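Q: Next come a sequence and a model predicted from it.
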Amino acid sequence: MLSANSVRTDSNSAKPLLQKNDAIAVAALLSLCALPLGWAGLVAPFLWLLLHAIESSVGWKRALAYGFSALLMLAAASGQVPGSERIALMPPYIDNDGNRIYASFNAGKAAIAAAVMAFMIRRRQWFKLADLPIVLAAIALPFFAGLMIYGPSLKFGAAIGVAALINLLVVCISEEGFFRWVLQRGGELFLGRWIAALVVTALFTLLHTGWAVSPLALGLVSLAGFGYALLWCLRRNFWACVLAHWGVNLLHLLFLPYPLPA
């Protein structure tokens, strides 16, 4: 059963953002992502149309649009779409302390990020200074917890700078589009705001098990993921969640062992 509170919360967002012809025109423009990204780039126009369908429909049609959006994003991000291999921009950063940071990105995630960014720009929902205290708290808590557990590992290099930019424009935008805008908002329709936050935090942790290979690392991932979910519950601002996610990842790149030790 759909949650009445959640339906009421999102009722204003169920209005069409664009006329049908305009939405198709934007999708056609996004199909140009296939030029740099190959077949994986075609995820962008299809995802754009699904995101548009979420906002322009109600009831079971809206729930279906959420479901198809989530499946397409998961398939693209996990390499199930043809051409979703990683694209390296430069050699990785490697040091004697065991740090290894790749300046590369998943083509499927890049296509997701392109669609999500185009969609959010059309919505004109921007970061607000009122969100900053909660964003800083969501960044600080997992970072200082990681610092206490693993100790510092200071590093910098050109590859790290490129990796940080990729992390913002590809990783954080695509993941927050998936976890927050699609999964958490969609989950709220059925589970309510707070249960959806817990379920999405669990899914966030589960989908990071290939990267966080120890219980302590998974605990930090859960802590960070819950911070992003809570931030969404309290502020309902997509870009605030992106900034918090990137803040945690950036501090990890610069000041903590990368990847986290087993």
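A: Received it, and whenever you're ready, just let me know what you need.
Q: which residue is nearest the middle of this structure?
A: Centroid check for the chain by Cα atoms, centre = their mean gives Glu175 as the closest residue, at 1.6 Å.
Q: What's the separation between that residue and Ala63?
A: Note on Glu175: its distance to Ala63, by Cβ to Cβ, to the nearest Å, is 22 Å. Any C-beta I mention is one placed from the backbone N, CA and C, and that applies to glycine too.
Q: ok, how many other residues are close to Val182?
A: For Val182, the neighbour count with other Cβ atoms under 10 Å is 27.
Q: so who does it touch?
A: Ile54, Tyr66, Ser69, Ala70, Met73 (Cβ atoms under 8 Å, 6 or more residues apart in numbering).
Q: Between the residues you listed, which sits nearest Phe46?
A: Using Cβ to Cβ, Ser69 comes nearest to Phe46 of the contacts of Val182, at 9.4 Å.
Q: where does this structure dip in pLDDT?
A: 1-19 (pLDDT under 70).
Q: one more time with 90, if that's ok
A: Applying pLDDT under 90 to the chain flags the ranges 1-23, 83-85, 122-128, 209-214, 261-262.
Q: just the strands in it please.
A: For the chain, the strands defined by DSSP state E cover 86-94, 100-106.
Q: Of those strands, which is nearest Val26?
A: Set against Val26 and scored by Cβ to Cβ, the strands of the chain come closest in strand 100-106, at 22.7 Å.
Q: buried ones in that closest one?
A: Buried residues in strand 100-106, counted by 16 or more other Cβ atoms under 10 Å: Ile101, Tyr102, Ala103, Ser104, Phe105, Asn106.
Q: Now do it against strand 86-94, angle only.
A: On the basis of axes from the mean of the first three to the mean of the last three Cα atoms, to 10 degrees, strand 100-106 is oriented at 170 degrees to strand 86-94.
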